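Asker: Show me the folded form of this:
(3 chains)
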Amino acid sequence: MSNHEQHESAHRPVQRKEMSRRQFLSYTLGGTTAFMMGGAVLPMVRFAVDPLLVKKGEGTFVKVVEESKITTEPQEFKFKVHQVDGWYESEPELVAWISRDAEGKIFALSPVCKHLGCTIFWNTKGHNEYDCPCHDARYTRDGKNITVARLPLDEYDVKVDDGIVYLGAIKPNTRV
Amino acid sequence: MFKNVYNWIDERLDITPLWRDVADHEVPEHVNPAHHFSAFVYCFGGLTFFITVIQILSGMFLTMYYVPDIIHAYASVDFLQHQVAFGQIVRGMHHFGASLVIVMMFLHTLRVFFTGSYKAPREMNWVVGMLIFFIMLGLGFTGYLLPWDNKAYYATKVGVEIAASVPYIGPYIADFLYGGDIVGAQTLTRFFAIHVFFLPGALIAMLAAHFLMIRKQGISGPL
Amino acid sequence: MAHGHKSNEKVVFVGDSRVKKAGMFQTPPDYTAFPGKSEAFIPNFLLKEWMVGCVVLVGFLVWVIAEPAPLGYPADPTNASFIPMPDWYFLFLYQFLKYPYVSQDYVLLGTMGIPGIMFGALMLAPFLDTGKERRFYRRPIASSLMLLTLASCVYLTVVSWDHYQHMLAENNTIPEHHERADKAREAIERGEPRPNPLKKAAAIIEADDPAMSIAQAQCIGCHAADFSGAVGPALIGVGNRMTQEEIAAIITNGSENGAMPHFNDKLSAEEIDQLAVWLAKQTQ
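Answerer: Numbering: from 1, shown residues only, chains lettered A, B, ... in the order given. This is a model prediction of the structure:
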């Protein structure tokens, strides 16, 4: 259509660029379309992206083990957390590798390999390292990545209260 | 930029006549409410389509949260309505939109009937329109089982019992709809499949046929 | 573009039957067959159509925001007090099936026969009403049949709805989606979480505790035998709302607004302490 209009106006002396009736109606139609789609779709989009906008709850600490049982050798501990996933409430079991560092400070590592998410285990190959069974990723005692993986193992928030170790949310490794 | 892309595609596929045909066709005066206010009765078809689009969109979004399972169906509906932002509005759009579609379709059908627009050569379009009407009623019927509340349960039971009273094949229809002997887990998944895949698929095919026939035959002339 | 301008620029697929050569398209048929002021579909006419659409959309959104979609209680096949009602657009059929000659021995006539004839006739209307005349007042048979059917559908719907309202009044019940909404609103006004109908009825925790017998002697008059609350609030879940000290204070001195009397003359300090410890455990 614009070809036609340009063609015709080329013969007339150029004055001002006025909007044609058709153009005006087209813009109005576009605006009305945008309004209708917006009115109908925006609530739905807000509905769909709600999980992105929900405030993350404060990590709650879960009782795991007595402080006295923790040694410098990493040990595997399982603990249950109460998880509310939308309409589904469950008590999944999580695993942490807990040990003391040289100063006696307790730290807990997540067993999820930072390479591709397999589950690591302590000292399966006898090097005093964490080994991943999938692609042979290896991590030091502190969770520092040695080969294959790009990042160190994640850490749990640790709280020691009255001789009991409590674990909280998972955070990036702070030790390496 | 946009124009270059358009031209590139147009050179290869010649798409201009496709939309030109829709955009440029002339709409006669007797259906234009700007000329005769009484012509607003010709709007109901378009409004039915508009509400149908809202139904399809809101339905797509609702399935992001809904689970068709007797343990979790009710909990997921409760969750999406009360816990998710705008859940009440999106579910409301789908719930009340269903009624509004029926109203608009009803008015559209009456307009076509009382203006005699279904007469030759438009008989086929009337039959397709009636099929759309039945598909919409089917969508309404299969839809209210999905929240799995008491109304869902009993309304489905009554509806399937009606189907079961058909001679000879009735019990088979009932078994097919129940997916077993009772209204239960298998009924819910069946109704879900029918509600979100089979009937909408049929609906879209029928709507396409409906619109193609209107474009081919044009709108019926003034009385 | 397709109107023959600069057709030398077009890619022409020689010998490829799938792509038509430019200029081969039929021009759209002439839609000015009807005399009068016709106008283009886009943008002129569609704009008018969508003005109406906007009004409908705004009205619809207001309705949807004002009125939450109903949701009853979870399906319970043993629930005999529930009065099932289909959506309004099925009510005419629902009511129709209650009448004699379409129920009992004739149920087939009601479920298949008459609706089959009616819907069949509606579907085949163009083949039954074959005259050339389109005005409804010149087609008395078709129009009057349609009006009669409409009137009976409206009548059946109204009768069915009236009967439902009557049943509700007679059984002194309110529809369960209203009941559910009311309970949720009351709970929220009291500052409690929205009740979840899927949670099993809460049970007393540690029902064999000796405090239970004290509670049964002193509290059930106001707080109900199952502690679900009557004159006084529910004691089940009281541990969510109050600490042991707060509970003990209320038992000792009565509630602040005086609705609950003090028990320091009826119970010893040890008994009150025992009761408060036990009640504080009543969490959900």
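
Asker: so when I look at residue A:95, I'm seeing a helix, right?
Answerer: No - read with DSSP: H, G, I helix; E, B strand; the rest coil, residue A:95 is strand and lies in no helix.

Asker: So in terms of bridging, what pairs with it?
Answerer: Judged by DSSP bridges, the bridge partners of residue A:95 are residue A:78.

Asker: what sits against it?
Answerer: A:76-78, A:110-111, A:119 (C-beta atoms under 8 Å, 6 or more residues apart in numbering or on different chains). All C-beta spots, glycine's among them, are computed from the backbone N, C-alpha and C.

Asker: can you check residue B:140 too?
Answerer: With C-beta under 8 Å, 6+ apart, residue B:140 has these contacts: B:98, B:102, C:87, C:89-90.

Asker: So which of those residues sits lowest on pLDDT?
Answerer: Minimum pLDDT for the contacts of residue B:140 is recorded at residue C:87 (88).

Asker: How many neighbouring residues does that one have?
Answerer: Residue C:87 has 18 neighbours, counted by other C-beta atoms under 10 Å in any protein chain shown.

Asker: can you tell me how far it sits from residue B:103?
Answerer: 12 Å (C-beta to C-beta, to the nearest Å).

Asker: Helix or strand: which one has residue B:52?
Answerer: helix B:44-62 (DSSP states H and E).

Asker: tell me what that helix is packed against?
Answerer: helix A:21-48, helix B:87-114, helix B:199-217, helix C:46-66 (3 or more C-beta pairs under 8 Å, 6 or more residues apart in numbering or on different chains; DSSP states H and E).

Asker: which one of the contacts of residue B:140 sits closest to chain A?
Answerer: residue B:98 (15.0 Å; C-beta to the nearest C-beta).

Asker: Distance check, that closest one against residue B:151.
Answerer: Taken as C-beta to C-beta, the span from residue B:98 to residue B:151 is 14 Å.

Asker: so what's residue A:33 closest to, chain neighbours aside?
Answerer: Counting by C-beta to C-beta, 6 or more residues apart in numbering or on different chains, residue A:33 lies nearest to residue C:50, which is 6.9 Å off, once chain neighbours are set aside.

Asker: ugh, typo on my part, it should be residue B:210
Answerer: Counting by C-beta to C-beta, 6+ apart, the residue nearest residue B:210 is residue B:128, at 5.2 Å.

Asker: Get me the contact residues on chain A for chain C.
Answerer: Taking C-beta under 8 Å from any C-beta of the partner chain as the criterion, chain A approaches chain C at residues A:3, A:22, A:25-26, A:28-29, A:32-33, A:35-36, A:39-40.

Asker: What is the burial count for residue B:93?
Answerer: Neighbours of residue B:93 (other C-beta under 10 Å): 30.

Asker: ok now do it, which residues does it touch?
Answerer: Per C-beta under 8 Å, 6+ apart, neighbours of residue B:93: A:40, A:43-44, B:54, B:58, C:60, C:64.

Asker: Alpha carbons of the helix or strand harbouring residue B:125, as PDB, please.
Answerer: Secondary structure from DSSP H and E places residue B:125 in helix B:123-143. Once non-C-alpha atoms are left out, helix B:123-143 reads as follows in PDB (Å, rounded to 0.1, in the frame of the first residue of the first chain):
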ATOM      1  CA  GLU B 123     -26.000 -24.700   4.900                       C
ATOM      2  CA  MET B 124     -22.600 -26.200   5.500                       C
ATOM      3  CA  ASN B 125     -21.500 -23.400   7.600                       C
ATOM      4  CA  TRP B 126     -24.500 -23.700   9.800                       C
ATOM      5  CA  VAL B 127     -23.800 -27.400  10.300                       C
ATOM      6  CA  VAL B 128     -20.100 -26.700  11.100                       C
ATOM      7  CA  GLY B 129     -21.300 -23.900  13.500                       C
ATOM      8  CA  MET B 130     -23.600 -26.500  15.300                       C
ATOM      9  CA  LEU B 131     -20.600 -28.800  15.600                       C
ATOM     10  CA  ILE B 132     -18.700 -26.000  17.200                       C
ATOM     11  CA  PHE B 133     -21.600 -25.500  19.600                       C
ATOM     12  CA  PHE B 134     -21.500 -29.200  20.600                       C
ATOM     13  CA  ILE B 135     -17.700 -29.100  21.000                       C
ATOM     14  CA  MET B 136     -18.100 -26.100  23.300                       C
ATOM     15  CA  LEU B 137     -20.700 -27.900  25.400                       C
ATOM     16  CA  GLY B 138     -18.300 -30.900  25.500                       C
ATOM     17  CA  LEU B 139     -15.500 -28.700  26.700                       C
ATOM     18  CA  GLY B 140     -17.800 -27.300  29.400                       C
ATOM     19  CA  PHE B 141     -18.800 -30.800  30.500                       C
ATOM     20  CA  THR B 142     -15.300 -32.200  30.600                       C
ATOM     21  CA  GLY B 143     -13.900 -29.100  32.200                       C
END
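
Asker: what about whichever residue of the stretch 51-200 of chain C sits closest to chain A, how many neighbours?
Answerer: Scanning the stretch 51-200 of chain C for the residue nearest chain A gives residue C:57, at 5.2 Å (criterion: C-beta to the nearest C-beta). Residues near residue C:57, counting by other C-beta under 10 Å, number 21.

Asker: So it is in contact with residue A:40, correct?
Answerer: Yes - Residue C:57 lies in contact with residue A:40 (C-beta atoms under 8 Å); the separation is 6.5 Å.

Asker: Low-confidence regions, chain C specifically.
Answerer: Residue ranges of chain C with pLDDT under 70: C:1-35, C:199-203, C:230, C:284.

Asker: interface residues of it facing chain A?
Answerer: Close to chain A, as judged by C-beta under 8 Å from any C-beta, chain C has residues C:1, C:5, C:42-44, C:46-47, C:50-51, C:53-54, C:57-58, C:61.

Asker: Need the max-distance pair from the residues you listed.
Answerer: C:5 and C:61 (44.7 Å; C-beta to C-beta).

Asker: Neighbour count: those two, which is higher?
Answerer: A count of neighbours by other C-beta under 10 Å puts residue C:61 above the other of residue C:5 and residue C:61, at 16 against 12.

Asker: Skipping its backbone neighbours, what lies nearest the more buried one in space?
Answerer: residue A:39 (6.2 Å).

Asker: Run a quick neighbour tally on residue C:105.
Answerer: 8.

Asker: for residue B:109, same thing?
Answerer: 22.

Asker: Name the nearest residue to residue C:52, ignoring sequence neighbours.
Answerer: Per C-beta to C-beta, 6+ apart, closest to residue C:52 is residue B:43, 4.9 Å.

Asker: try residue C:56
Answerer: Nearest non-adjacent residue to residue C:56 (C-beta to C-beta, 6+ apart): residue B:47, at 5.8 Å.

Asker: Now do the contacts for residue C:135.
Answerer: Residue C:135 sits in contact with B:116, B:223, where contact means C-beta under 8 Å, 6+ apart.

Asker: What residue spans form the domains of the chain?
Answerer: Using chain A. A:2-51, A:62-171 (automatic domain parsing).

Asker: nope, chain C please
Answerer: Looking at automatic domain parsing, the domains of chain C come to C:7-66, C:88-176, C:210-280.

Asker: which residues touch the spatially closest residue to residue A:147 that is not a sequence neighbour?
Answerer: Spatially, and ignoring its direct neighbours in sequence, residue A:147 is nearest to residue A:138 (5.4 Å; C-beta to C-beta, 6+ apart). Listed by C-beta under 8 Å, 6+ apart, the contact partners of residue A:138 are A:127, A:129-132, A:145-148.
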